[in-house]
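Colleague: can you look at this prediction? I've put the sequence above it.
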Amino acid sequence: MKDEIQLRPAAGDDFAPIFQLLSTVFHEEIDGELRDLEGVVYERDRSLVADDAGLVAGHVQAFSRDLTVPGAVIPAAHVSGVGVLPTHRRRGLLTRMMHRQLREIADAGREPVAILWASETSIYPRFGYGPAASRLHLNIMNREVRLPAPPPEPTGRLRMGDPGDLHAEMAAVYERLRPDRVGWSSRDDNWWKWVLGDPKDHRDGATKRYAVVHESPGGPTGYALWRVKDDWNSHGPSAEVQVREVVAADPETYLALWRFLLGIDLTRSVTMRLAAVQEPLLYLADEPRRLGATYGDGLWVRVIDVPAALAARRYATDVDVVLEVTDPILAGNTGRWRLTGGPDKATCTATTDPADVALSVTDLGAVYLGGTALSALVAAGRARLLTGNDPTVALGWNRLPSPTEVF
Ligand SMILES: CC(=O)SCCNC(=O)CCNC(=O)[C@H](O)C(C)(C)COP(=O)(O)OP(=O)(O)OC[C@H]1O[C@@H](n2cnc3c(N)ncnc32)[C@H](O)[C@@H]1OP(=O)(O)O
């Protein structure tokens, strides 16, 4: 039978079928409340459907947001909402949608990289996405962990409240810190609505979300978002604090927020799914092992335009290196590129000079945020060092990427 499935931009009445499709493929009920929330950030002109005679059988979308990369903030296509109906899987639909989306992003010429969170790690390398930022999942035995005492005369105080009421304070701190926090995405008012959205279906029996802001004389310096899942057993209270986000401008604020979260009464564990790989808590706790940290993948980066992406970020040390990149999908990326730069500037141009490093566009994506060492990819036999000019250190950064949200 001839495959008549067409790829087309989403139309006005596709929104409900798209969310029905996503509800099916992610095995979750997407009810009105959650769909409304997704609608707040939905960009119809960046939503692509696979249409099988009127049935929405596949979908991919992108959001237009900025991403902090080493030394810069750049536009990045935030790819999301990827799904193909179980009746239509493994017939190449995702491949067609991914290729078309990558081509469209490249042709628009605005975003040098695309990023996503992968539901399964085997899906995206073939499309040029490399694992660029990891994260820690914490499962803390809070009664077993001691943190240092607060300063004798703290400069700030904590104010707890409804996240909606504390939105302005939280957004002010986030915006102030964002330019230096690699892996953070920009949040306009709609994205703050999405981040603070709290649909009942997503609570899994836990409370609504709470916020606490750390206020200093000069203004807010940090905040935390969390909820609590109640539990009692034969030993008594055993509730779990589920931390969504902790943002702190300075060590005093950071300590105050974590002392607060670990000390909530009637709780026996504190979990956080998106902690940083270099979470300072690891170096504050007297028993870091009791933080129950496990490692996971996080942001995946796809370099869309090699020279634009490499010139857009900054480098830990001076660098002058020729990279030989292969990209089977966006052919314009394939070739040799001379990257020259350092902590304050960078340029990248095509060259015919011999290469120092040979790597795929997937591996270039992996090292782009400074969170994956080129030397590890060389040791894995993926990237190849062809001369002694090793840019591993230059491609790193003084702060590992720490993405804050799964969009
Ligand atoms: C950014 C995000 O939104 S992440 C969310 C991704 N979505 C999901 O996980 C929802 C559930 N899964 C699905 O909807 C589908 O299985 C998808 C979208 C992952 C894949 O769609 P399909 O149309 O089946 O993919 P397609 O047929 O193009 O497969 C391309 C290749 O990837 C492989 N592949 C696709 N999905 C997977 C997977 N989940 N695990 C391993 N390999 C996979 C296929 O085997 C195929 O390999 P081949 O070319 O060597 O034969």
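Modeller: Now that the structure is in, tell me what you want to look at.
Colleague: show me which residues of the chain are close to the ligand?
Modeller: Within reach of the ligand by Cβ under 6 Å from any ligand atom, the chain has these residues: 25-26, 79-84, 89-95, 116-120, 122-123. No exception for glycine: its C-beta is placed from N, CA and C like everyone else's.
Colleague: report the buried members of those residues.
Modeller: Neighbour-count burial (16 or more other Cβ atoms under 10 Å) is assigned, among those, to 25, 79, 80, 81, 82, 83, 84, 93, 94, 116, 117, 118.
Colleague: give me the nearest residue to the fifth one, chain neighbours excluded.
Modeller: Take residue 82 and drop its neighbours on the chain: the residue closest to it by Cβ to Cβ, 6 or more residues apart in numbering is residue 60, 4.9 Å away.
Colleague: just give me the neighbour total for the one you found.
Modeller: The tally of other residues near residue 60 (other Cβ atoms under 10 Å) stands at 24.
Colleague: now the one 4 residues further on
Modeller: The local packing count at residue 64 equals 17, with neighbours defined by other Cβ under 10 Å.
Colleague: any idea what it is bridged to?
Modeller: Assessed by DSSP bridges, residue 64 has beta-bridge partners residue 77.
Colleague: what sits against it?
Modeller: By Cβ atoms under 8 Å, 6 or more residues apart in numbering, the contact list for residue 64 reads 43, 46, 75, 77, 78, 111.
Colleague: from the ligand, how far out is the third one?
Modeller: So that's residue 75. As judged by Cβ to the nearest ligand atom, to the nearest Å, residue 75 and the ligand stand 18 Å apart.
Colleague: need the three-state assignment for residue 261.
Modeller: Put simply, residue 261 is helix when judged by DSSP: H, G, I helix; E, B strand; the rest coil.
Colleague: surely it touches residue 270?
Modeller: Yes. Using Cβ atoms under 8 Å, residue 261 is in contact with residue 270, at 5.8 Å.
Colleague: low-confidence ranges, the stretch 1-150 of the chain, go.
Modeller: Within the stretch 1-150 of the chain, the segments meeting pLDDT under 70 span 1-3.
Colleague: where along it do the helices fall?
Modeller: 15-25, 32-41, 93-108 (DSSP state H, counting those that start in this stretch).
Colleague: quick one: closest of the ones you listed to residue 266.
Modeller: Closest approach to residue 266 among the helices of the stretch 1-150 of the chain (Cβ to Cβ): helix 32-41, 28.2 Å.
Colleague: shared neighbours of residue 261 and residue 270, which are they?
Modeller: The contact sets of residue 261 and residue 270 overlap at 241, 243 (Cβ under 8 Å, 6+ apart).
Colleague: enumerate every residue touching residue 217.
Modeller: 155, 156.
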